[in-house]
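[1] Here is a sequence together with a model predicted from it:
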Amino acid sequence: MINFSYQAIDDTGQLTSGTLTAPDYRSAARQLEERGLTLIKLDETSQKTAPHKHTSAKGVSRKELILVLYEIVTMLRAGVGLHEAIESQCKSGHSAGMLFAFESMLGQLRGGTSFTQTLKSVKLPIPEYIYYLAEAGELTGKLADALEQGVQQMEYDLQLSSDTRNALIYPAILVLSGIMAVGIMFLFVVPKFSSLLDGDSELPLLASLVLNSGTWVNDNKIFMGVLLGIAIAGSITLWKHSGFRIMTLNYASKTPVLGSWINESDIAVWAKMLGVLLSNKVPLMTALSLASRASRIPWRKLKMSQVIKKVKGGVSLSLALEQEQVITPTAINLVRVGEKAGELPATLASVSRLYDQASRNRMKSLLSLIEPLAILIIGSAIGTIILGIVLAITSANDIAV
């Protein structure tokens, strides 16, 4: 048996409240109806479902959220009611923040609030397009389909971020190792030959620069350490600042090689988002607005706002995209075909697949350039140091090189 607290209106129109015990929510509601009460609010108060100490849904990871939403979609497809699907999540082994969120949602759903509104109220780390898809799903009676497509988009976004991050790990380690090797050379190897600077023989320019640099670094270890710490801290602080990241991305998107990769990836995300929203009966203007927010590049967002204005003024989407030159000619042609055939969501999905694959291939090509380039730069730096030392030794011993 479960304890419930309730608020209801009696026959005289007065607000009343109290507690009762019942095996489940429906039995408790039936008891109140038998008493002639009009239910306003009914919450479980037993220890089994008492609120957690947490007062928010903070700390919920995107991976956990994707898994939970997939579980809800599976249950909805199996014919389980929405209330029962959410209630089952309250009894699962999720994190405290997630359990708090679903307990809050369950109480609101029982009070008559829509699923979309309850989802917004718990402030889970959900992209805004999920709310619009959920609302469209509720209106069309296809909530499971809408949620599944939204979760697939979330999964795609997460995979894209993960792939990019993983792809940059090896080059980053390579560059860091090279910097450490050069630092060790300057701190421990070059100073061993600093005595050659005291001789009367004139050293070659390269040898003099290497030995003087090594000596200066060795004499100013503390200063160099502090300077390096400030540089690292400053870089981390700047990178955490969203304005700096946006500015960097905006500039990088206009570079010859890196820009192609960034733009193709961004077009893929935009096309997939727009296609998913349109396939779930989200109005075109709303879908365009949401899809433009999914774009990460500032100049494209600005041009997309102009596209939205033109479409609102009666211009076709393909023509507006062409006038603003916001996506590639190939993508524009596919959008135009989709408009004429009445299959815009399907063609947008094709655009997304095309540019997603192109961006992945571009990423592989870019990384294939980064690795040898990093090795070349690091090898050149170490080779220069070694050459400087060798020149100093041979010059000091009057050996012809």
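    Yes, it's here. Not measured: the values here are computed from a predicted model.

[2] packing partners for the helix or strand harbouring residue 271?
    Per DSSP states H and E: residue 271 is located in helix 256-279. Judged by 3 or more CB pairs under 8 Å, 6 or more residues apart in numbering; DSSP states H and E, helix 256-279 is in contact with helix 128-140, helix 143-184, helix 242-252, helix 284-294, helix 298-312, helix 344-396. (Each C-beta comes from the backbone N, C-alpha and C, glycine too.)

[3] Mean pLDDT and mean neighbour count for those helices - can I get that in TSV?
    Shown next, in TSV, are the helices and strands packed on helix 256-279 (pLDDT from 0 to 100; neighbours: other CB atoms under 10 Å):
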stretch	mean pLDDT	mean neighbour count
helix 128-140	79	20
helix 143-184	82	16
helix 242-252	80	13
helix 284-294	84	19
helix 298-312	90	17
helix 344-396	84	17
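
[4] would you turn the ones you listed into JSON lines with distance to residue 69?
    As requested, the helices and strands packed on helix 256-279 are arranged in JSON lines below (distance: least, CB to CB, whole Å):
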{"stretch": "helix 128-140", "distance to residue 69": "8"}
{"stretch": "helix 143-184", "distance to residue 69": "5"}
{"stretch": "helix 242-252", "distance to residue 69": "26"}
{"stretch": "helix 284-294", "distance to residue 69": "18"}
{"stretch": "helix 298-312", "distance to residue 69": "27"}
{"stretch": "helix 344-396", "distance to residue 69": "21"}
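
[5] Which of those helices sits closest to residue 88?
    For residue 88, the closest of those is helix 143-184, at 15.0 Å, according to CB to CB.

[6] gap between the closest one and the chain center?
    Per CA atoms, centre = their mean, to the nearest Å, the displacement of helix 143-184 from the mean C-alpha position of its chain is 9 Å.

[7] neighbours around residue 103, how many?
    22 (other CB atoms under 10 Å).

[8] Torsion angles phi and psi at the nearest residue to it once chain neighbours are set aside?
    Nearest residue to residue 103 in three dimensions, chain neighbours excluded: residue 90, at 5.1 Å (CB to CB, 6 or more residues apart in numbering). Dihedral angles of residue 90 (phi, psi; degrees, to the nearest 10) stand at phi -70, psi -20.

[9] What's the local residue count around residue 90?
    Using other CB under 10 Å: residue 90 sits among 20 other residues.

[10] about what we covered before: pLDDT of the helix holding residue 271, averaged?
    Helix 256-279 carries an average pLDDT of 84.

[11] List the buried residues for that helix?
    260-279 (16 or more other CB atoms under 10 Å).

[12] Test my guess that residue 345 contacts residue 278.
    Yes: when contacts are counted by CB atoms under 8 Å, residue 345 is listed as touching residue 278 (4.5 Å).

[13] what helix or strand is residue 28 on?
    With DSSP H and E as criterion, residue 28 is part of helix 25-34.

[14] contacts for that helix?
    2, 4, 6, 8, 20, 22, 39, 42, 44, 83, 87, 110 (CB atoms under 8 Å, 6 or more residues apart in numbering).

[15] how far is the very next helix or strand once past that helix from where the chain is centred?
    Using DSSP H and E, the next helix or strand after helix 25-34 towards the C-terminus is strand 38-44. The chain centre lies 39 Å from the centre of strand 38-44; the measure is CA atoms, centre = their mean.

[16] buried stuff in the helix or strand following strand 38-44?
    Downstream of strand 38-44, the next assigned helix or strand under DSSP H and E is helix 62-77. Buried residues in helix 62-77, counting neighbours by 16+ other CB under 10 Å, are found at 62, 64-66, 68-70, 72-73, 75-76.

[17] For residue 194, state which of those residues is nearest.
    With CB to CB as the yardstick, the closest approach to residue 194 among those comes from residue 62, at 53.7 Å.

[18] for residue 37, what are its contacts?
    Counted by CB under 8 Å, 6+ apart, residue 37 has contacts 6, 8-10, 16.

[19] Same list (these) but as a markdown table, adding neighbour count and secondary structure.
    Shown next, in a markdown table, are the contacts of residue 37 (neighbours: other CB atoms under 10 Å; DSSP: H, G, I helix; E, B strand; the rest coil):
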| residue | neighbour count | secondary structure |
| --- | --- | --- |
| 6 | 20 | strand |
| 8 | 20 | strand |
| 9 | 14 | strand |
| 10 | 12 | coil |
| 16 | 15 | strand |
